[in-house]
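Q: Sequence and predicted structure below; questions after.
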Amino acid sequence: GTDPYWARSRVVELLNSAQKRMPPEVTPVLGPDGSGVGWVFEYALVSNQRSLQELRSLQDWYLKYGLASVEGVAEVASVGGYVKQYQVQVDPVRLRSFGVSLPEVEMAIHQANSEVGGEVLEMGEMEYMVRGQGLLRGVEDLLKVPVKYDPATGVAVTLRDLAVVSTGPEMRRGLAELDGRGEVAGGVVVMRQGQNALKVIQGVKKKLEELRAGLPDDVQIVPVYDRSGLITRAVDNLRNKLLEEMLMVALVCGLFLFHARSALVAVFTLPAAVLMAFLAMRLQGIHADIMSLGGIAIAVGAMVDGAIILIENAHKHLEHEAEKPPEQRRDHWTVVIEAASEVGPALFWSLLVITVSFLPVFVLGEQEGRMFKPLAFTKTYAMAASALLAVTVVPILLGYFVRGGIRPEARNPINRWLKAAYRPVAELSLRRPKTLIAAAVLLVLATAIPFMKLGSEFMPPLFEGDILYMPTTLPGLSVTKARELLQQTDKILKSFPEVEQVFGKIGRAETATDPA
């Protein structure tokens, strides 16, 4: 229940006070306001001409800062490749001969690569700011850094006299590989907590197209994970289920009632109740994700029950009313109100019973609660909306749409066949009630077998289309051997015809949100 941004501000206050008690070289910083779940987009940099070090430099100094400016992005983490490093390998014999210590070498390099102010120089009635620019641009500049000055000889000892300076890779704790063809450099876009993932991904893609123009022609940006596909498929799935349900309701009403306009009443209930559920979600701050949309999908089947019962009861009343002489028939609205009042209260309470059936889910805590509470909320909202519509809007629609020639039930061949099939079953059940009850009890007891095998943890399968394969190795495995295993594994996985792409990462990306 704690607001994350309030918590972050409190941590920043304590970090500022703790900084005074830290060693000078330690600078504690706050991690990004994202999580491992916020890895919404990943990409790899591929080139057949450039080294992994060059690709990593393009990621760290160009793409990373460009993508970080996209609204909703908490961090862009780099993974794979080699971080370019200027390495100074000192010779202890030369240090001893020149009387130079290792801290003096470190201090000289640090001072040579820093800006220094020299106050003001007044010349010709003008003031000139004196400034020493320190910017090391390469190996040659490092070799010229003075480390010690000998006043007796007037000669300065430079870094060239003490060490060998070269460029090389930084010690790395993670690497990336693509399709078993070799290492690549890449990036991970981490979304801020509470942001719209689809909107963030669209912004990232648009920014990548802009940044692509600044990359060398031989460098390609290959998306390796894109959560927008899962989001659009989930939304499409819910939309298709709603359309299927509406078509099924219309078909059932048409087949059993022989009245097309009656189907419009039931069909109206579905989108209206879903819109009311989305409104409640918006007011509460629940996002439309896999679990929350799943709650609506679960409720779809029961949401039209109330409307169908009201339609069927109105048909019965109008059918009986049509059998009376014309002078004895009552007003159409009077019959509809009577039909709705007859089943409305009981129907409303029965829908409320189904609505509160998910109340046990609200008492779940920790991981289970965070996962399933959105589903319970949206299912409850959808059922509550359908119950409210059943006693308010649906009776009005009945008065407008359930009109005209209402055919008797006996004239429907499907109803006649169902009655003929149902009568012997009902008679058999009434002749042997004890046998029927015993069979029902045995069926209930038989559920104890699968119940005992359920276990204490339940996670529904999610066929996302992207599979996370995460092997573990012995501790202390070298980076070289890890790279070999990763490439071999990716190559095997890519050999399957069902697999489109394999992106492998071993170790950790440069982010606090990576649990690896």
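A: Yep, that arrived. Numbering: from 1, shown residues only.
Q: give the contact list for the residue sitting furthest away from the middle of the chain.
A: For the chain, the largest distance from the centre (C-alpha atoms, centre = their mean) belongs to residue 152, which lies 68.9 Å off. For residue 152, the contact set (C-beta atoms under 8 Å, 6 or more residues apart in numbering) is empty. Placement of C-beta: from N, CA and C, glycine included.
Q: Would it be right to say that it lies in a helix?
A: No - counting by DSSP: H, G, I helix; E, B strand; the rest coil, residue 152 is not found in a helix; it is coil.
Q: Quick check: the gap between it and residue 159.
A: Distance, residue 152 to residue 159, by C-beta to C-beta, to the nearest Å: 21 Å.
Q: can you check residue 302 too?
A: The spacing between residue 302 and residue 159, counted by C-beta to C-beta, is 78 Å.
Q: The two: which has the busier surroundings?
A: Using other C-beta atoms under 10 Å as the criterion, residue 302 and residue 159 rank with residue 159 on top: 21 against 18.
Q: Find the nearest non-adjacent residue to the more buried one, please.
A: Closest residue to residue 159 apart from its sequence neighbours, by C-beta to C-beta, 6 or more residues apart in numbering: residue 145 at 4.6 Å.
Q: count of residues packed around that neighbour?
A: As a burial measure, residue 145 scores 23 neighbours (other C-beta under 10 Å).
Q: Then residue 6?
A: Neighbours of residue 6 using other C-beta under 10 Å come to 9.
Q: Flag the shaky bits of this protein, pLDDT-wise.
A: Scanning the chain for pLDDT under 70 picks out 455-460.
Q: What are the boundaries of the strands in the protein?
A: 39-46, 73-80, 84-90, 116-123, 126-132, 146-150, 155-158, 163-169, 174-178, 183-191, 220-226, 503-507 (DSSP state E).
Q: Name the surrounding residues that touch the fourth one.
A: Same thing as strand 116-123. Here strand 116-123 makes contact (C-beta under 8 Å, 6+ apart) with 127, 128, 129, 130, 131, 132, 134.
Q: 10 Å instead, please
A: Defining contact as C-beta atoms under 10 Å, 6 or more residues apart in numbering, one finds that strand 116-123 is touched by 127, 128, 129, 130, 131, 132, 133, 134.
Q: Nearest residue to the first one in space, please, no chain neighbours.
A: Put plainly, it is residue 127. residue 120 (5.0 Å).
Q: For the one you found, give its distance to residue 111.
A: From residue 120 across to residue 111, the span is 22 Å (C-beta to C-beta).
Q: Which one's more surrounded, those two?
A: Taking other C-beta under 10 Å, residue 120 and residue 111 do not tie; residue 111 has more neighbours (13 against 9).
Q: I figured the more buried one was touching residue 145, is that so?
A: Yes - between residue 111 and residue 145 a contact is recorded at 8.6 Å, counting by C-beta atoms under 10 Å.
Q: Common neighbours of those two, please.
A: Common contact partners of residue 111 and residue 145 (C-beta under 10 Å, 6+ apart): residue 134.
Q: Buried residues in the lengthiest helix in the chain, which are they?
A: When the chain is parsed with DSSP state H, its longest helix is helix 228-257. Under the neighbour-count criterion of 16 or more other C-beta atoms under 10 Å, helix 228-257 has 228, 230-231, 234, 238, 241-242, 245-246, 249-250, 253, 256-257 buried.
Q: Now distance to residue 454 too, for the strands of the chain, in CSV please.
A: Below are the strands of the chain laid out as CSV (distance: least, C-beta to C-beta, whole Å):
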stretch, distance to residue 454
strand 39-46, 31
strand 73-80, 38
strand 84-90, 54
strand 116-123, 71
strand 126-132, 73
strand 146-150, 71
strand 155-158, 74
strand 163-169, 51
strand 174-178, 38
strand 183-191, 34
strand 220-226, 32
strand 503-507, 34
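Q: most packed of those?
A: Greatest average neighbour count among those goes to strand 183-191 (a mean of 27), per mean count of other C-beta atoms under 10 Å.
Q: Among the buried residues of helix 228-257, which one lies nearest to residue 464?
A: For the buried residues of helix 228-257, the residue nearest residue 464 by C-beta to C-beta is residue 230; the value is 5.1 Å.
Q: For residue 73, see how far away the closest residue to residue 175 other than its chain neighbours is.
A: Closest residue to residue 175 apart from its sequence neighbours, by C-beta to C-beta, 6+ apart: residue 80 at 5.1 Å. Distance, residue 80 to residue 73, by C-beta to C-beta: 20 Å.
Q: same thing with residue 509?
A: Distance, residue 509 to residue 73, using C-beta to C-beta: 15 Å.
Q: For the stretch 401-516 of the chain, which segments count as helices?
A: Here the stretch 401-516 of the chain has its helices, by DSSP state H, counting those that start in this stretch, at 413-431, 433-446, 448-452, 479-494.
Q: quick one on the thing from earlier: can I get the buried residues of helix 228-257 in CSV with distance to residue 195?
A: Formatted as CSV, these follow (distance: C-beta to C-beta, whole Å):
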residue, distance to residue 195
228, 13
230, 16
231, 13
234, 17
238, 21
241, 27
242, 26
245, 31
246, 32
249, 37
250, 39
253, 42
256, 47
257, 47
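Q: between those residues, which is closest to residue 274?
A: Looking across the buried residues of helix 228-257 and measuring by C-beta to C-beta, the closest to residue 274 is residue 242, at 6.7 Å.
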